[in-house]
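Participant: Quick check, what structure comes out for this input:
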Amino acid sequence: MRWGAMLHGDAADFRLWAPAAARVELSLDGQLLAAQRRDEGWWDVRIAGARAGQRYRWRIDDRLDVPDPASRWNPDGPHGDSVLIDPSAFEWGDAAWHGRPWHEVVLYELHIGCFTEAGTWDAARLRLPALRELGITALQVMPVADWPGRFGWGYDGVLPFAPYHGYGEPAAFKRFIDAAHGLGLMVLLDVVDNHFGPDGNYLHAYAPGFFTERHRTAWGAAIDFSDGSVRDFYLQHALYWLNEYHLDGLRFDAVHAIRDDRRPDIVEQISQHVRAGCAGRHVHLVLENDSNDRSRLGAPGTPGRFDGQWNGDVHHALHVLLTGERDGYYAEFDQPIEQLAQSLTRGFAREGGPHNVPGAPPRRPAQGRAPLSATVNFLQNHDQIGNRAFGERLTTLAAPAALQLAAAIVLLAPSPPMLFMGEEDGATVPFLYFADWDGELRDAVRRGRVDEFAHFPRYAEAARAGRLPDPCSAETVERCRLRPGPDVDAWRARYRTLLARRASHLRPRLPDLLGDGHDAVVHGPLLQLRWRFGGARPGVWAVQVNLGPDAVAADALPGECVHAEGVAHGATLAPWSGRWHWSDGR
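Facilitator: Next comes the predicted model:
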């Protein structure tokens with residue numbers, strides 16, 4: 001890599017981009033060595049006899065010690081030393097693994113710190129067989145770029161190349177991935193290219209050109225992707241995780257917040273770079289994009305395009321139907337059944353915006369179609385649970401029959417589905433926002449949570465009374481550690497059945513899903529959907545669901561009944577029930 005430290009036999013090259021520095025030294029195991037200035041603000045040192053495990057830091061202008069911004073490992077966190085790593089030292093066992101095609105994806109989002117009691121890679125690895133047995137095919141790990149403190153969600157990382165020191169050493173992460181591959185599970189990593197966290201980022205001190213005031217984001221000055229070195233940092237960052245860690249894909253956080261005036265922009269160029277650098281294996285790129293810009297989506301593996309995007313519209317419509325909540329962005333979903341129908345058959349219900357960005361165009365009904373193979377649907381995720389004041393899961397907000405029907409709608413639609421950890425167990429433990437900040441930053445975060453939720457009628461009283469969970473308390477994290485719900489066996493059996501239906505009836509046909517021709521009909525609470533398939537065995541996958549508390553009349557569906565939820569007899573659908581049918585022909 002151009003950035004960071006690289007071992008070459010019995011020597012190592014150390015490189016730092018510090019255009020604002022007048023003097024740069026490398027501190028290696030406490031010994032100071034002068035770096036040479038090169039073109040475009042680069043500094044470097046070659047050390048003969050360097051070895052893996054040595055600790056190092058950079059000293060800027062005789063006054064400031066900083067970690068390597070491309071450090072592969074900071075065992076004491078981003079305020080401590082970086083460690084020289086030999087990437088070739090790990091003995092992989094996945095030589096025959098080339099990934100799995102996109103149409104086989106069933107994602108499972110997890111937070112390593114809360115997934116097990118120990119909160120480590122090695123503890124999480126022991127639970128992988130159970131996920132495989134459930135029917136999961138791909139893990140999506142919440143961000144791990146190193147940040148200071150004992151806990152956090154991961155979206156405030158400051159060392160994008162270094163896995164979080166609290167989860168275990170880099171080799172433990174590789175053991176986790178290697179074990180997943182041995183079980184046939186893909187592993188995708190959530191990465192944050194739109195900002196750095198507020199504590200532990202030293203780039204402003206010696207590379208202020210990494211940021212620009214031309215654009216502002218929710219986190220301050222935007223990253224300046226117009227600079228070639230900055231751009232190179234993120235292009236290398238993507239390939240580093242995919243190649244050095246054998247990951248099967250990346251999920252890019254909030255790309256609507258990435259501001260780049262160059263064309264192709266950095267988001268498109270990362271895709272081009274990855275496609276060229278990972279040829280010969282299945283590598284999947286997924287977006288979070290609140291604007292619902294379908295132009296970024298394409299067929300799996302297309303250079304410049306992305307295989308998938310989180311589809312919040314399906315979640316929002318279902319959440320309104322299940323809970324009756326209509327404040328915040330749920331206010332946009334004033335016709336939830338119709339908007340759910342559009343999201344499931346045309347990709348998105350809303351576009352524009354994004355939310356809460358000054359000057360952004362207002363969101364509007366979505367036009368055109370997004371490829372259904374690219375819209376990742378979910379019933380819950382870390383944001384939709386954790387951004388609530390009390391982190392409630394739907395198991396505590398919705399009636400069981402309604403929740404079970406909603407899960408079937410998501411898992412038995414042609415679009416790739418995603419579960420959030422614990423969903424399959426009927427977990428009732430909350431997933432709250434938490435971050436281990438100190439001092440003024442801690443106080444500001446606490447005040448910010450109170451101010452934010454004071455604007456929501458259902459949380460205002462608790463905010464004023466000081467009853468909101470403390471995001472900076474270790475007790476908050478302990479409350480979030482994953483534990484099964486009271487009816488775990490029934491929930492797990494239900495999800496196992498749904499995923500088995502998907503694997504047997506949908507998965508083999510998904511490569512033949514047509515680009516259009518899907519339709520929906522809404523009659524009050526009754527929703528009927530039809531997805532059409534071509535290929536050697538054309539057919540229709542149809543669903544008929546009652547999304548209300550009263551029984552409704554419904555014509556019987558043609559073809560084979562593959563799955564039913566609740567009571568569905570002939571011309572009557574009981575409250576919160578449905579049926580799924582396959583019929584041959586067009």
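Participant: can you pull the contacts of Arg127?
Facilitator: Arg127 makes contact with 115-116, according to C-beta atoms under 8 Å, 6 or more residues apart in numbering. C-beta: built from backbone N, CA, C; applies to glycine.
Participant: at 10 Å instead, please
Facilitator: 110, 115-116, 421, 482 (C-beta atoms under 10 Å, 6 or more residues apart in numbering).
Participant: And it, how close does it get to Asp550?
Facilitator: 41 Å (C-beta to C-beta, to the nearest Å).
Participant: Next: Leu203.
Facilitator: 59 Å.
Participant: do the same with Ala427
Facilitator: From Ala427 across to Asp550, the span is 30 Å (C-beta to C-beta).
Participant: Pick out whichever of the two has more residues nearby.
Facilitator: More crowded of Ala427 and Asp550, by other C-beta atoms under 10 Å: Ala427, with 22 against 11.
Participant: which residues sit in contact with the residue nearest to that one when sequence neighbours are not counted?
Facilitator: Of all residues not flanking Ala427 in the chain, Gly485 sits nearest, at 5.0 Å (C-beta to C-beta, 6 or more residues apart in numbering). Counting by C-beta under 10 Å, 6+ apart, Gly485 touches 393, 395-396, 422-429, 491-492.
Participant: on that earlier part again, among the contacts of Arg127, which lie within strands?
Facilitator: Using DSSP state E, Leu110 are the members of the contacts of Arg127 that sit in strands.
Participant: can you tell me which of the contacts of Arg127 are in helices?
Facilitator: Cross-referencing the contacts of Arg127 against helices under DSSP state H gives Phe115.
Participant: Just give me the closest of the contacts of Arg127 to Ala145.
Facilitator: Leu110 (16.3 Å; C-beta to C-beta).
Participant: Need the residues that contact the helix or strand where Thr212 lies.
Facilitator: Following DSSP states H and E, one finds Thr212 within strand 211-217. With contacts defined as C-beta under 10 Å, 6+ apart, strand 211-217 is touched by 194-196, 201, 203-204, 220-227, 230, 254, 257-261, 357-359.
Participant: Please spell out the PyMOL selection for the buried subset of those.
Facilitator: Listed next is the PyMOL selection for buried residues among those, using 16 or more other C-beta atoms under 10 Å:
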select buried, resi 194+195+196+201+203+221+222+223+224+225+227+230+254+257+258+259+260
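Participant: wait, what's in contact with Asp425?
Facilitator: Asp425 makes contact with 130, 134, 395, 482-492, 495, according to C-beta under 10 Å, 6+ apart.
Participant: What about the residues you listed, which are in helices?
Facilitator: Filtering the contacts of Asp425 for helices - DSSP H - leaves 130, 134, 488-492, 495.
Participant: which among those residues end up buried?
Facilitator: 134, 491-492, 495.
Participant: Same list (those) but as TSV, adding distance to Arg350.
Facilitator: As requested, those are exported to TSV (distance: C-beta to C-beta, whole Å):
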residue	distance to Arg350
Leu134	32
Trp491	31
Arg492	34
Tyr495	29
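Participant: Sort out which one of the residues you listed lies nearest Gln31 for me.
Facilitator: Gln31 has its nearest neighbour among these in Leu134, at 52.1 Å by C-beta to C-beta.
Participant: what about the nearest residue to Asp487 once chain neighbours are set aside, how many neighbours?
Facilitator: The shortest distance from Asp487 to any non-neighbouring residue, by C-beta to C-beta, 6+ apart, is to Gly426 (5.3 Å). Using other C-beta under 10 Å, Gly426 has 23 neighbouring residues.
Participant: if I pick Gly426, what's in contact with it?
Facilitator: So Gly426 contacts 393-395, 400, 403-404, 484-492, 494-495 (C-beta under 10 Å, 6+ apart).
Participant: ok, 6 Å please
Facilitator: 395, 485, 487, 491 (C-beta atoms under 6 Å, 6 or more residues apart in numbering).
Participant: Widest-spaced pair of those residues?
Facilitator: Longest span within these, C-beta to C-beta: Thr395 and Asp487, 9.3 Å.
Participant: More neighbours: which of those two?
Facilitator: Neighbour count, other C-beta under 10 Å: between Thr395 and Asp487, Thr395 has more, with 20 against 15.
Participant: So that one sits against Thr428, correct?
Facilitator: Yes - contact between Thr395 and Thr428 holds when scored by C-beta atoms under 6 Å: they sit 5.0 Å apart.
Participant: Which elements pack onto the helix or strand hosting Gln339?
Facilitator: Element membership for Gln339, per DSSP H and E: helix 336-346. Counting contacts by 3 or more C-beta pairs under 6 Å, 6 or more residues apart in numbering; DSSP states H and E, helix 336-346 packs against helix 312-323, strand 519-523, strand 526-533.
Participant: Pairing partners for the next helix or strand after that helix, with directions?
Facilitator: The C-terminal neighbour of helix 336-346 among helices and strands, as given by DSSP H and E, is strand 350-351. Partner strands for strand 350-351, per DSSP bridges, with pairing direction: strand 364-365 (antiparallel).
Participant: State the mean pLDDT of the following helix or strand past the strand it pairs with.
Facilitator: Once strand 364-365 ends, the next helix or strand along the chain (criterion: DSSP H and E) is strand 375-378. Mean pLDDT, strand 375-378: 98.
Participant: any residues touching stretch 470-478, and which ones?
Facilitator: 151, 432-435, 437, 442, 445, 449, 469.
Participant: Swap in 7 Å and give it another go.
Facilitator: 150-151, 432-437, 442, 445-446, 449, 469 (C-beta atoms under 7 Å, 6 or more residues apart in numbering).
Participant: Return the per-residue confidence for Asp327.
Facilitator: Looking at Asp327, its pLDDT is 87.
Participant: Isn't it up against Phe456?
Facilitator: Yes - with contact defined as C-beta atoms under 7 Å, Asp327 counts as touching Phe456 (6.0 Å).
Participant: ok, the two, which is more surrounded?
Facilitator: A direct count of neighbours by other C-beta under 10 Å for Asp327 and Phe456 places Phe456 higher, at 15 against 11.
Participant: just checking, that one touches Tyr329?
Facilitator: No - checked against C-beta under 7 Å, the pair Phe456 and Tyr329 is beyond contact range at 11.8 Å.
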